[in-house]
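>>> Need coordinates for the following:
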Amino acid sequence: MTKKYFGTDGIRGTVGEYPITPDFFLKLGWAAGRVFAREGQGFVLVGKDTRISGYMFESALEAGLAAAGVNTRLLGPMPTPGIAYLTRTLRAQAGIVISASHNPYYDNGIKFFSTEGTKLPDDLEHKIEYYLEQPMTTVESAKLGKAKRISDAAGRYIEFCKASIPASIDFSGLRIVVDCANGATYHIAPHVFREVGAEVIEIAANPDGLNINEKCGATKPDLLKNAVIDYRADLGIALDGDGDRLIMVDHKGEVVDGDELIFIIAKARKAAGKLQGPIVGTLMSNLGMEHALKKLKVDLLRANVGDRYVMELMKQHGSVLGGEGSGHIICLDRTTTGDGVVAALQVLAEVHRTGKSLYELKSEMSKYPQVLVNVKVAKKVDPNSNETIQKAVQAVEKELGDSGRVLLRASGTEPLIRVMIEGVNEDVVRKHANELADVVKNAITA
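Numbers count the residues shown, from 1 in each chain. Purely as a prediction, here's the structure:
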């Protein structure tokens, strides 16, 4: 059954354009309240990132939940993984996050967590959508929901993050730059890393409602690269606007992406005898990671792109570690969702254990060049069902052998066919990608 509003990661869009409007959020709060309501008991947590529209949507949600008879606990600005953690530990009926993650300030969105601190199952999203189509009613006044603020939310989450590594580890002598993307981790991440002993230089940690993700954070690491060089830091940590994404920078100013970070954590878990199940990546995970893991006798499974699909495959196969090259890293042996601060601590713990720099740790995996060519199409088509295209793909795969990989997929959001090829030699990969893109274009036009 197709969902009308919920995508793979909640509901997201431009503020002021339906459905990212105050009246929709009021109705959404009421609809969610109808689904989560337990008369006379329990509450729903509501947190947000730092974008200016968060105030407006927080108020609208609170009013909708109250109309359905549900109590609300307001967290204020909190990272998405922090809201997941608090939903679970405070025994809330659900957690609601007002955020558009790594998007600019003029976007916003919403996602839900179950009482276990995991993404909401499909059946509950369908139930919320059912109530969104019903007339909104208000419970009698004596049963209206109440709202309170939780004042110690940040402190609770800081302690949780620190507890994800052994208390015996002290990062004294380690100088790190932390880029908070002017987002929800601005009052969390610097404290976490300082309290485990590191010298912290914080940047992009002054949100004003409009500067979230602006030329900073995990999706724009140039600010961090320059700061690491300027401050002669040992490494840098970049989070995104809601704190569920991590990209790092080594002492040379080189970016260390999600695939490389997952490999470092996987190797650490393997050395400690605590790696369970395969590693779960996506269709876009670098072949170099797959080959490096193979040397450790660790399997890589590939899910569709999106942390929701990574999580599903992890649970199916009993995995404790998975994620995406974009920096969504899920350590299920530590928490229930992707968490940038927790993932960074796991990497720092391995730097501490081995005495190696981040540059040395990432060098144990060779990333293969990856070339992506987008082919515009007039309408949505499946490239994998076209015989001409498939013959061309098979010819490239035969030539690349075990040292390369071909991936064709239709974009889920745009009229595009994405042609991705990776392999050892970038010139060869680029040549194949361009030639295959021409085949796709001609076959679809014909």
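>>> hey, let's count contacts and neighbours off CA atoms from now on
Fine.
>>> Sketch out the strands for the stretch 1-150 of the chain, chain order is fine.
11-14, 44-48, 72-77, 94-98, 107-113, 147-149 (DSSP state E, counting those that start in this stretch).
>>> Can you lay out those as TSV showing mean neighbour count?
Shown next, in TSV, are the strands of the stretch 1-150 of the chain (neighbours: other CA atoms under 10 Å):
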stretch	mean neighbour count
strand 11-14	19
strand 44-48	27
strand 72-77	22
strand 94-98	28
strand 107-113	23
strand 147-149	14
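>>> For the ones you listed, give me JSON lines that also has distance to residue 54 and mean pLDDT.
Listed next are these as JSON lines, based on distance: least, CA to CA, whole Å; pLDDT from 0 to 100:
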{"stretch": "strand 11-14", "distance to residue 54": "13", "mean pLDDT": "96"}
{"stretch": "strand 44-48", "distance to residue 54": "6", "mean pLDDT": "98"}
{"stretch": "strand 72-77", "distance to residue 54": "9", "mean pLDDT": "98"}
{"stretch": "strand 94-98", "distance to residue 54": "6", "mean pLDDT": "97"}
{"stretch": "strand 107-113", "distance to residue 54": "8", "mean pLDDT": "97"}
{"stretch": "strand 147-149", "distance to residue 54": "15", "mean pLDDT": "97"}
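>>> mind putting the ones you listed in JSON lines, distance to residue 370 included?
What follows is those, written out as JSON lines (distance: least, CA to CA, whole Å):
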{"stretch": "strand 11-14", "distance to residue 370": "29"}
{"stretch": "strand 44-48", "distance to residue 370": "35"}
{"stretch": "strand 72-77", "distance to residue 370": "37"}
{"stretch": "strand 94-98", "distance to residue 370": "34"}
{"stretch": "strand 107-113", "distance to residue 370": "30"}
{"stretch": "strand 147-149", "distance to residue 370": "47"}
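>>> Between these, which one is closest to residue 174.
Residue 174 lies closest, by CA to CA, to one member of these: strand 72-77, at 28.2 Å.
>>> Tell me the helices and strands packed up against the closest one.
strand 44-48, helix 54-67, strand 147-149 (3 or more CA pairs under 8 Å, 6 or more residues apart in numbering; DSSP states H and E).
>>> Go through those and name the closest to residue 85.
strand 44-48 (10.9 Å).
>>> other SSEs contacting that closest one?
Using 3+ CA pairs under 8 Å, 6+ apart, strand 44-48 sits against helix 54-67, strand 72-77, helix 80-89, strand 94-98.
>>> Distance from the lengthiest helix in the chain to the middle of the chain?
Longest helix in the chain by number of residues (criterion: DSSP state H): helix 426-445. In terms of CA atoms, centre = their mean, to the nearest Å, the centre of helix 426-445 is found 31 Å from the chain centre.
>>> name the helices or strands packed onto it?
Where contact means 3+ CA pairs under 8 Å, 6+ apart, helix 426-445 is packed against strand 370-376, helix 387-400, strand 416-423.
>>> which outside residues touch that helix?
Helix 426-445 is touched from outside by 369-377, 383, 386, 388-389, 392-393, 396, 419-423, with contacts defined as CA atoms under 8 Å, 6 or more residues apart in numbering.
>>> Let's see that with 6 Å instead.
Residues from elsewhere that reach helix 426-445 (CA atoms under 6 Å, 6 or more residues apart in numbering): 369, 371, 389, 421, 422, 423.
>>> Grab the nearest non-local neighbour of the last one.
Think residue 423. In space, and not counting its chain neighbours, residue 423 is closest to residue 404: 3.9 Å by CA to CA, 6 or more residues apart in numbering.
>>> Surely that neighbour touches residue 420?
No. Contact criterion CA atoms under 6 Å: residue 404 and residue 420 do not qualify, at 10.7 Å.
>>> quick one, which of the two is more surrounded?
Using other CA atoms under 10 Å, the more surrounded residue of residue 404 and residue 420 is residue 420, with 24 against 21.
>>> show me what contacts the more buried one?
Applying CA under 6 Å, 6+ apart, the residues contacting residue 420 are 371, 372, 406, 407.
>>> ok, the nearest residue to residue 175 once chain neighbours are set aside to residue 386 distance?
Counting by CA to CA, 6+ apart, the nearest residue to residue 175 once its immediate chain neighbours are dropped is residue 199, at 4.7 Å. As judged by CA to CA, to the nearest Å, residue 199 and residue 386 stand 56 Å apart.
>>> What of residue 417?
13 Å.
>>> Residue 218 now?
To residue 386, residue 218 is 37 Å away according to CA to CA.
>>> swap in residue 30?
From residue 30 to residue 386 the distance is 47 Å (CA to CA).
>>> Neighbour count: the two, which is higher?
Ranked by neighbour count (other CA under 10 Å), residue 30 and residue 386 place residue 30 first, with 30 against 13.
>>> what's near enough to touch the more buried one?
64, 65, 68.
>>> Likewise for residue 245?
239, 327, 328, 340.
>>> quick one: contacts for the residue nearest the centre of the chain?
Per CA atoms, centre = their mean, the C-alpha nearest to the average position across the chain is that of residue 328, at 3.8 Å. Residues near residue 328 by CA under 6 Å, 6+ apart: 245, 338.
>>> how about 10 Å then?
Taking CA atoms under 10 Å, 6 or more residues apart in numbering, we find residue 328 in contact with 240, 243-247, 257-259, 262, 306-307, 310, 322, 337-340, 343.
>>> Ok, residue 381 next?
409, 410, 411, 415, 416, 417, 444.
>>> in the stretch 151-300 of the chain, which segments are predicted with low confidence?
Counting by pLDDT under 70, the stretch 151-300 of the chain contains no low-confidence range.
>>> Tell me, how many residues neighbour the closest residue to residue 303 other than its chain neighbours?
Excluding its sequence neighbours, the residue lying closest to residue 303 (CA to CA, 6+ apart) is residue 282, at 4.4 Å. Residue 282 has 22 neighbouring residues, counting by other CA under 10 Å.
>>> Begin at 412, not 1, for the rest of this chat.
OK, 412 is where the count begins now, so the last one is residue 693.
>>> For residue 693, give its distance to residue 676.
Counting by CA to CA, the gap from residue 693 to residue 676 is 17 Å.
>>> Over to residue 486?
Counting by CA to CA - residue 486 and residue 676 are separated by 31 Å.
>>> For the stretch 412-561 of the chain, give me the ranges with low pLDDT.
Along the stretch 412-561 of the chain, the parts satisfying pLDDT under 70 run over 449-451.
>>> and if we set it to 80?
412, 419, 449-452 (pLDDT under 80).
>>> picking up where we left off before, filter the contacts of residue 739 down to the ones in helices?
669, 670, 673, 718, 721, 751, 754.
>>> Which of the residues you listed are buried, as a ChimeraX select command?
A single ChimeraX command selects the buried members of these (16 or more other CA atoms under 10 Å):
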select :669,670,673,718,721,751,754
